[in-house]
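Visitor: have a look; sequence and predicted model below, questions after that.
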2 protein chains.
Amino acid sequence: MLQPIMHVLNAQRIILASGSPRRKHILENVGLKFEVIPSTFEEKLDKSKFPSPVEYVLETASQKTLQVAEMLKTKSSLVPDLVIGADTVVSMDGKIFEKPKDKDDAFQMLSGFSGGSHTVYTGVVLITPSNVFQTGAGESVNSMRIHKFHEATDVSMATLTPEIVRAYIETGEPMDKAGGYGIQAIGGTLVEKVNGDFFNVMGFPLCRFAQELLNLYSQKK
Amino acid sequence: MLQPIMHVLNAQRIILASGSPRRKHILENVGLKFEVIPSTFEEKLDKSKFPSPVEYVLETASQKTLQVAEMLKTKSSLVPDLVIGADTVVSMDGKIFEKPKDKDDAFQMLSGFSGGSHTVYTGVVLITPSNVFQTGAGESVNSMRIHKFHEATDVSMATLTPEIVRAYIETGEPMDKAGGYGIQAIGGTLVEKVNGDFFNVMGFPLCRFAQELLNLYSQKK
């Protein structure tokens, strides 16, 4: 999808404002060149103030991405052409799940997902300097243009015995992942079905991102 | 899923009868230890003789896996405990697509998939020595037990311009893959949505495989 604009992208300074090794892997895997500058924004927004997980991930992703973009604008001599940020949560029965606090929390989450369906939401924020793109794309703040979108993917999990859940937690895989599983590795054995973008479950909606970027760069002044 | 039986599996001689680097990657990624001995069975069964892609992939996977299992039974002093084989095709509008013959063929396939939905079928065959498992599991041939299953996953592709298709083909990714795309890498940008097991689109239905193996090993004598 990105090949027609890859020569333009690869001449730019692109920042991934996320420390997630999965997001880095997904973007490297499609040939994008970028630097990783993780946001230090603490993910502590009050979930009860958001009408749905969509608004929550979009606001958290915005805060993370803006923090890195603002920091680079003041500290760096070379202002980036594009800052990419994202936030991912899992939701089931109106509740939002992030990374498990400990093994017990992971056990509760995974046992709750067992044999049923939950939804993974990722909010993505792209920040570019205002003077690069036409005014049509996104909102403008402090001479930066902010472009947001989100993606939702349904995940159906196999029925898991407590023995399977405990043995999976002992692999160490669940702890740094929203929802307590990593679909791209051992956790993939637990997932019967996804309905939507698989990469969104890993933490980054790849197809939609490629489409938005293609659209954005075709509007370039 | 496999953690409760991993100590048993890792004490066995397991063979992957496939040269696909994707299948090897998927199985290594969940911690399975195995040798790769690709089948040399030529995939030339007459597709018109099969009522659906399911029967076709199951028969091709059987032929491939049996060839490796038979060869190891006669040549090797150490008979394997488990031989794993698989075959994957893509189907749309009653037609079966395998690896593209050349760039033009890849262009035709991908242009045909653009903006629509196709289905990926993988047939998996597991062969074990007859004396290891109870008679309930699979059919028995020449003192080997043969266990078969398949999985189907629907894939919705984004609308692709001829420019995007051509640029994607130039990356070299399509040529060794059924359907002409690799969903796990650059081809992931082209796929809006999967409905089913994502790993099945890569060539191996991971969750179903783990469930079947767990079931098989709980029947072990």
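Guide: Noted; the coordinates are in hand.

Visitor: roughly how far does the residue nearest to A:Met71 when sequence neighbours are not counted sit from chain B?
Guide: Ranked by Cβ to Cβ, 6 or more residues apart in numbering or on different chains and with sequence neighbours excluded, the top spatial neighbour of A:Met71 is A:Ile37, at 8.0 Å. Just so you know, the C-beta spots here come from the backbone N, C-alpha and C atoms, and that holds for glycine as well. A:Ile37 sits at a distance of 23 Å from chain B (criterion: Cβ to the nearest Cβ, to the nearest Å).

Visitor: please apply the same query to A:Val90.
Guide: In terms of Cβ to the nearest Cβ, A:Val90 sits 17 Å off from chain B.

Visitor: sorry, back to before: does the residue nearest to A:Met71 touch A:Gly19 like I think?
Guide: No: under the criterion of Cβ atoms under 8 Å, A:Ile37 is not in contact with A:Gly19, lying 9.0 Å apart.

Visitor: I would like the residues contacting the helix or strand where A:Gln63 lies, please.
Guide: Following DSSP states H and E, one finds A:Gln63 within helix A:53-75. By Cβ atoms under 8 Å, 6 or more residues apart in numbering or on different chains, the residues outside helix A:53-75 that reach it are A:15, A:17-18, A:37-41, A:43, A:45, A:47, A:50, A:79-80, A:83-89, A:91, A:96, A:119, A:121-127, A:141-142, A:144, A:146, A:148, A:150, A:152.

Visitor: ok, A:Ile37 and A:Gly19, which is more surrounded?
Guide: Neighbours per residue, other Cβ atoms under 10 Å in any protein chain shown: of A:Ile37 and A:Gly19, the larger number sits with A:Ile37, 19 against 14.

Visitor: mind checking what secondary structure the residue of chain A most remote from its centre has?
Guide: Relative to the C-alpha centroid of chain A, counting by Cα atoms, centre = their mean, A:Glu163 is the outermost residue, at 30.5 Å. Following DSSP: H, G, I helix; E, B strand; the rest coil, the label given to A:Glu163 is helix.

Visitor: chain B versus that one, what's the distance?
Guide: Distance of A:Glu163 to chain B, given as Cβ to the nearest Cβ: 5 Å.

Visitor: quick one: contacts for that residue?
Guide: A:Glu163 makes contacts with B:Pro4, as judged by Cβ under 8 Å, 6+ apart.

Visitor: just the helices in chain A please.
Guide: Taking DSSP state H as the test, the helices found in chain A are A:6-9, A:21-29, A:53-75, A:103-113, A:162-170, A:198-202, A:206-218.

Visitor: near chain B, which residues of chain A?
Guide: Chain A has residues A:1-4, A:26, A:29-31, A:158, A:160, A:163-164, A:167-168, A:170-171, A:183-186, A:188-199, A:206-211 near chain B, with proximity defined as Cβ under 8 Å from any Cβ of the partner chain.

Visitor: mind checking which of those residues are buried?
Guide: With neighbours counted by 16 or more other Cβ atoms under 10 Å in any protein chain shown, the residues of chain A next to chain B contain buried members at A:1-4, A:26, A:29-30, A:158, A:160, A:164, A:167-168, A:171, A:183-186, A:188-199, A:206-211.

Visitor: return the subset of the contacts of helix A:53-75 lying in strands.
Guide: Residues of the contacts of helix A:53-75 located in strands (DSSP state E): A:15, A:83-89, A:91, A:96, A:119, A:121-127, A:141, A:144, A:146, A:148, A:150, A:152.

Visitor: picking that back up, export the helices of chain A to TSV and tack on mean pLDDT?
Guide: TSV is the format used below for these (pLDDT from 0 to 100):
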stretch	mean pLDDT
helix A:6-9	92
helix A:21-29	96
helix A:53-75	93
helix A:103-113	97
helix A:162-170	96
helix A:198-202	97
helix A:206-218	93
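
Visitor: so which of the ones you listed is the most packed in?
Guide: helix A:198-202 (a mean of 29; mean count of other Cβ atoms under 10 Å in any protein chain shown).

Visitor: which strands or helices does that one pack on?
Guide: helix A:21-29, strand A:117-129, strand A:144-157, helix A:206-218 (3 or more Cβ pairs under 8 Å, 6 or more residues apart in numbering or on different chains; DSSP states H and E).

Visitor: need these in CSV with distance to B:Leu66, can you?
Guide: Converted to CSV, the helices and strands packed on helix A:198-202 look like this (distance: least, Cβ to Cβ, whole Å):
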stretch, distance to B:Leu66
helix A:21-29, 35
strand A:117-129, 38
strand A:144-157, 33
helix A:206-218, 38
